[in-house]
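Participant: 3D model of this:
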Amino acid sequence: MSLTDLPLLGMLRNRMQWHQARQALLAENVANADMPGFRPRDLAEPSRSSAGLAAPLGAAIGGDGLARTDTRHIGLSAESGPNADPRRFKGFEVRPSGNGVNLEEEMMKAGDNQSDYQLVASLYQKSLDALKIAVGKR
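Facilitator: Residues are numbered from 1 along each chain as shown. Okay, the predicted model is just below:
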């Protein structure tokens, strides 16, 4: 087993690959901002259970973790109900052409994704540096 096969480094590599794939998808959303009928897409967060980490609290409770126990409670989603707007697509307004891309939101996601990638990459590099010091190669 080599030093780069450690579970921590594997998780960091998987996270960097996820951020790379998400960046490509966000760039595709921006590139198709004027295409009629285009719907923006995004990647779901990688599962923590496959990485050996504890599942999020909502999954541990069951589903969303919240339940509407009384009809007088405020609804959990804005997809249906008296205040629902059929022109909205996952929080964005859909243009008359059917395109749901909001450039400002996509650029904010891309910037956040880039900074998260840089954080994971620096953690990966620092972990490798610490391993080199521990082995005595530095």
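Participant: how many neighbours does Asp116 have?
Facilitator: When neighbours are defined as other C-beta atoms under 10 Å, Asp116 has 16 of them. Every C-beta, even on glycine, is put in place using the N, C-alpha and C of the backbone.
Participant: lowest average confidence, helix or strand, in this structure?
Facilitator: One helix or strand of the chain scores below all others by mean pLDDT, DSSP states H and E: helix 57-61, with a mean of 38.
Participant: contacting residues around Leu103?
Facilitator: Residues in contact with Leu103, defined by C-beta atoms under 8 Å, 6 or more residues apart in numbering, are Val30, Ala33.
Participant: let's number from 17 now, not from 1
Facilitator: Yep, numbering from 17; the last one is Leu119 now.
Participant: ok, now how distant is it from Thr20?
Facilitator: Leu119 sits 39 Å away from Thr20, going by C-beta to C-beta, to the nearest Å.
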